[in-house]
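Chemist: Only the shape, not the letters, is given here:
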């Protein structure tokens, strides 16, 4: 929801809808400064690291996509992409089927995936009560 409000807001120049409202475009350098660089009561996210922010995007089901240089349909999108390209900044594009400008009701499907404790696929279960009876030892 926080990301949705940012993309919909005129307050941020570093993030906008792309591909007709199906992708989120992020001007990486400007985003680091404009969003992640905020502190105190103006802070937007708990992290100041781009790597951590992108990890969170992945946990919410966003996937990085390549830009297929077809021109955007809307003038604001076109202008934002042109300005970003002319500044030689890296633009990142992220897609999530439940994050679409035309279908805000899908936003409730954007849930953070819960991590599962890692265990080797073939690792045997260990019986802590009887260490001598656990497999292998």
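Modeler: Sure thing, it's come through. Since we're looking at a predicted model, the values are computed, not measured.
Chemist: Hmm, residue 94 and residue 19 touching each other?
Modeler: No. Counting by C-beta atoms under 8 Å, residue 19 does not reach residue 94; the two are 10.5 Å apart. All C-beta spots, glycine's among them, are computed from the backbone N, C-alpha and C.
Chemist: so what sits against both of the two?
Modeler: Listed as contacting both residue 19 and residue 94 by C-beta atoms under 8 Å, 6 or more residues apart in numbering is no residue at all.
Chemist: Any regions of this structure where pLDDT drops low?
Modeler: Of all residues in the chain, those with pLDDT under 70 make up the ranges 67-74, 77-78, 81-89, 115-137.
Chemist: For residue 12, which non-adjacent residue is spatially closest?
Modeler: residue 6 (5.3 Å; C-beta to C-beta, 6 or more residues apart in numbering).
Chemist: SS state for the one you found?
Modeler: helix (DSSP: H, G, I helix; E, B strand; the rest coil).
Chemist: contacting residues around it?
Modeler: Contacts of residue 6 by C-beta under 8 Å, 6+ apart are 12, 15, 35, 44.
Chemist: Surely the third one is in a helix?
Modeler: Going back to what we said before, that points to residue 35. Yes. Assessed with three-state DSSP, residue 35 lies in a helix.
Chemist: Report the contact partners of it.
Modeler: Applying C-beta under 8 Å, 6+ apart, the residues contacting residue 35 are 6, 12, 14-15, 44-45.
Chemist: can you rerun that using 10 Å?
Modeler: By C-beta atoms under 10 Å, 6 or more residues apart in numbering, the residues touching residue 35 are 6, 12, 14-15, 26, 42-45, 48, 50, 53.
Chemist: May I ask you to confirm that residue 102 is in contact with residue 19?
Modeler: No. Judged on C-beta atoms under 10 Å, residue 102 makes no contact with residue 19 at a distance of 11.5 Å.
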